[in-house]
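Asks: Quick one: sequence and predicted model below, then my questions.
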Amino acid sequence: MNRHGVLITVLFALIVSSISVSAVFWEFYKLNKSQYIDHIFTKHAIITQIYTQHQQKKTSSVMLEANLAVYKLNIVDTDNINTIANKGKFLKQESSKSVDNQLMMNSRGFYTQKIISDIRTSMFSYKNKIYFFVQTPNGSILIEDEELKPYKYFNLLYTYTTVLLIIFISFFLILQKLRPLIRLRRKIAVYGDGDMNISFKMRGSDEIASIANELEATKDKINNIMDSRTLFLRNIMHELKTPIAKGTIATQMLDTDKQKDRFSSIFGRLESLVNEFALIEEVTSLGDKTEFKEYRIIDIIDGAIDMAMAERDSVDVDIDSSVKIEVNYRLYTTAIKNMIDNGIKYSPDAKVKIRMIGNELSFESKGECLKHPLKYYIEPFTKENPSKNSFGLGLYLVDSILKAHNRVLAHEYENGMNRFIFA
């Protein structure tokens, strides 16, 4: 998820914006519709007044229709009342009272009596028309309004669609702007995997193009530094090997065996040091994973034993022959060889046991616990016993090789047993 953090953030912003806009338009739609219904419902007052006057004065139906026609209102046939009332969409209803003053007479003479009637007016929409249904104690009537139309939401829907379309187009444009960034991230990953010839160049003058072009310039500087470093190390090692070879030959011309042995040991140590430096340079500059292939672990261990020139009895291998691992054969063999050398050199019985613990390769040997944390020993030119014939590069080289294989070196001590693990 973290790899697509920017994309997820933009997508989240799109969703939140869409939901927010939708919620605002939905509330606006309800408010606008309610206001429209309230506005057109005001016409019911005229209808109620005309109908109550018709009932009070007992005018003819022709007169009622004429009065309603002035306001473009038509009386609906009685047969359609139930259909419209049941199938039509109810919009609003309001109750009111009608006061009728009638002249009455009794034994005392004439007097005025107020008759109050309850009137209920309901508004419906049916088949794109507006109807008013007026109910009184003396009867009911359904009236159709020729002018009024149900609420239309098309303009609001058009505006809502336009706003959403603008948001989605903006999101698409943002994604288009982010595409070069995604490509740039992939190129950086390829460069990190060892493809030193990948190009970061990008056209344009925006921020992403500027970053890409700066990366291209930085890549060229790094490549030049690495090429210079490699050339320098190879040249200096080549120049060192020549006098070492000459010195080894010249040693044989010395008069005494003691001097021969002493100088042979010196030049041998120098040659070993140069070889270890060459191997360290290869490991630290390792970027090409194409040399990583699948091998059986027991085959790698056999090669390491031969490289260490150790006695077979000194190395106890307890590993299933079917177990395989994908590695650079020469480097991984060197790492195992160094662990075998250390196990034999520092163990009182000069033996080391190699076995698998889960998916981890373990090297076990008897001896005292390390005096310092493992981190101390994987530094270059660090060794426990200065008298030992070592430059202190063994564990440093093992750690470097394991890191190139995305593994780490670990150490455990239990019951007088040192255990080094390729984790």
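Replies: Nice, I can see it. Numbers count the residues shown, from 1 in each chain.
Asks: make it CA atoms for all contacts and neighbour counts henceforth
Replies: Will do.
Asks: mind giving me the domain ranges of this protein?
Replies: Following automatic domain parsing, one finds the domains of the chain at 2-39+154-179, 44-145, 208-284, 289-422.
Asks: want to throw these into CSV with distance to Ile188?
Replies: Below are those laid out as CSV (distance: least, CA to CA, whole Å):
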stretch, distance to Ile188
domain 2-39+154-179, 13
domain 44-145, 63
domain 208-284, 9
domain 289-422, 16
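Asks: Mean pLDDT lowest where, among those?
Replies: Among the domains of the chain, domain 208-284 has the lowest mean pLDDT, at a mean of 73.
Asks: okay, the domains of the chain, which one's buried deepest?
Replies: Highest mean neighbour count among the domains of the chain (mean count of other CA atoms under 10 Å): domain 289-422, with a mean of 17.
Asks: Give me the distance from that domain to the chain's centre.
Replies: The chain centre lies 39 Å from the centre of domain 289-422; the measure is CA atoms, centre = their mean, to the nearest Å.
Asks: go on, stretch 142-155?
Replies: 51 Å.
Asks: Endpoints of it, how far apart?
Replies: End-to-end distance of stretch 142-155: 30 Å, with CA to CA, to the nearest Å as the criterion.
Asks: Stretch 409-423 now?
Replies: Counting by CA to CA, you get 6 Å between the two ends of stretch 409-423.
Asks: In terms of secondary structure, what does the helix or strand where Lys30 lies contact?
Replies: According to DSSP states H and E, Lys30 maps onto helix 5-41. Helices and strands touching helix 5-41, by 3 or more CA pairs under 8 Å, 6 or more residues apart in numbering; DSSP states H and E, are strand 89-106, helix 154-192.
Asks: As CSV, those with distance to Val10 would be great.
Replies: Below are these laid out as CSV (distance: least, CA to CA, whole Å):
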stretch, distance to Val10
strand 89-106, 42
helix 154-192, 7
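Asks: Looking at these, which is nearest to Asp145?
Replies: Asp145 lies closest to strand 89-106 among the helices and strands packed on helix 5-41, at 14.3 Å (CA to CA).
Asks: if I look at the nearest residue to Val134 once chain neighbours are set aside, how far off is Asn86?
Replies: Leaving aside its sequence neighbours, Val134 sits nearest to Thr121 (CA to CA, 6 or more residues apart in numbering; 4.5 Å). Using CA to CA, Thr121 is found at 15 Å from Asn86.
Asks: orientation of the longest helix belonging to the chain relative to helix 154-192 in degrees?
Replies: In the chain, with assignment by DSSP state H, the single longest helix is helix 207-251. Angle of helix 207-251 versus helix 154-192, following axes from the mean of the first three to the mean of the last three CA atoms, to 10 degrees, is 10 degrees.
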